[in-house]
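Participant: Sequence and predicted structure, then a few things I'm wondering about:
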Amino acid sequence: MQLNKTHKSFDGETRFYSHKSEVTNTDMNFSVFVPQPGKKPSKCIIWLSGLTCTEENFMAKAGAQAMLSGGDTMIICPDTSPRGLDLPGENESYDFGSGAGFYVNATTEGYADYYQMYDYVNDEIYGLVQTEFEVPENKISIMGHSMGGHGALVIGLRNPKKYKSVSAFSPIVNPINSAWGQKALAGYLGDDTSNWKEYDACALLESGHVHSAPLLIEQGLADDFYPAELLTENIEASAKKANQDLILNKREGYDHSYYFIASFLKDHLDFHQSNLNS
């Protein structure tokens, strides 16, 4: 693991690392905010970013440093895909391939060797939090935005004992029924749609995957991708069927951008810290 750059941020540090991933078989990047350098954090939130993002977008735009500075909760943000492989179709569109790993374990030719983003987050990043930053395994939560919100919900619902709480901004909750999701899932998993359900939050809920903590979702009602791509109402129905507690905040006038995330991020950080402290 190599530290590439550090920026003093309030009383903490924003750091950017690279490492050789044993899961993706590539070099991968991630960023962290450590609230008190020299003092081990006792809790961690994993942030998963959306389409086209890198490990830098959240750290540069969301304002989490001011909210976490001086405390004991770190945040870690992995990149959204492997990079520089030049696989067929990898760099032809914004919503598939580079910058668009969709947090799945690919099984299609070429991608299966590298695009293992579900395991990268759930095993490798989760493990790094414990081995490199010494955060206890029962003090980790997960959250994300858009494609990353999808990833957070899927990973959290499939591993409810690993993550104390799960939240999302503008998540793609039902990708098997959205154009974004159908393109990505077909490209990474093939045309057999029965294999897609394990990466769909609504399908997971309806098959019995639930979390003991409420799911917290934030959705702007001026979002250009709402409802067509995000299908937010579908998770309301699925959560009700599954008896899963869901806090869904629909916000008038807010769009899909980091301006929306920054407006309500503190609510989500407080939600996670409350669960991490329990």
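Facilitator: Right, received. Where do you want to start? Residues are numbered from 1 along each chain as shown.
Participant: Checking the nearest residue to Ser178 once chain neighbours are set aside next. Helix, strand or coil?
Facilitator: Excluding its sequence neighbours, the residue lying closest to Ser178 (CB to CB, 6 or more residues apart in numbering) is Glu229, at 4.8 Å. C-beta: built from backbone N, CA, C; applies to glycine. When classified by DSSP: H, G, I helix; E, B strand; the rest coil, Glu229 comes out as coil.
Participant: looking at it, Glu229 is touching Gln182, isn't it?
Facilitator: No - under the contact definition of CB atoms under 8 Å, Glu229 does not touch Gln182, with a separation of 10.4 Å.
Participant: who's more crowded, those two?
Facilitator: A direct count of neighbours by other CB atoms under 10 Å for Glu229 and Gln182 places Glu229 higher, at 21 against 14.
Participant: which residues touch the more buried one?
Facilitator: 172, 178-180 (CB atoms under 8 Å, 6 or more residues apart in numbering).
Participant: Compute the distance between Ile235 and Glu55, please.
Facilitator: To Glu55, Ile235 is 27 Å away according to CB to CB, to the nearest Å.
Participant: my bad, should have said Ile217
Facilitator: 23 Å.
Participant: Just want to know which of the two has more residues nearby.
Facilitator: Neighbours were counted for Ile217 and for Glu55 using other CB under 10 Å; Ile217 has more, 27 against 21.
Participant: now the more buried one, what's its secondary structure?
Facilitator: Classification of Ile217 using three-state DSSP returns strand.
Participant: Would you check that it makes contact with Val166?
Facilitator: No - under the criterion of CB under 8 Å, Ile217 makes no contact with Val166, lying 9.3 Å away.
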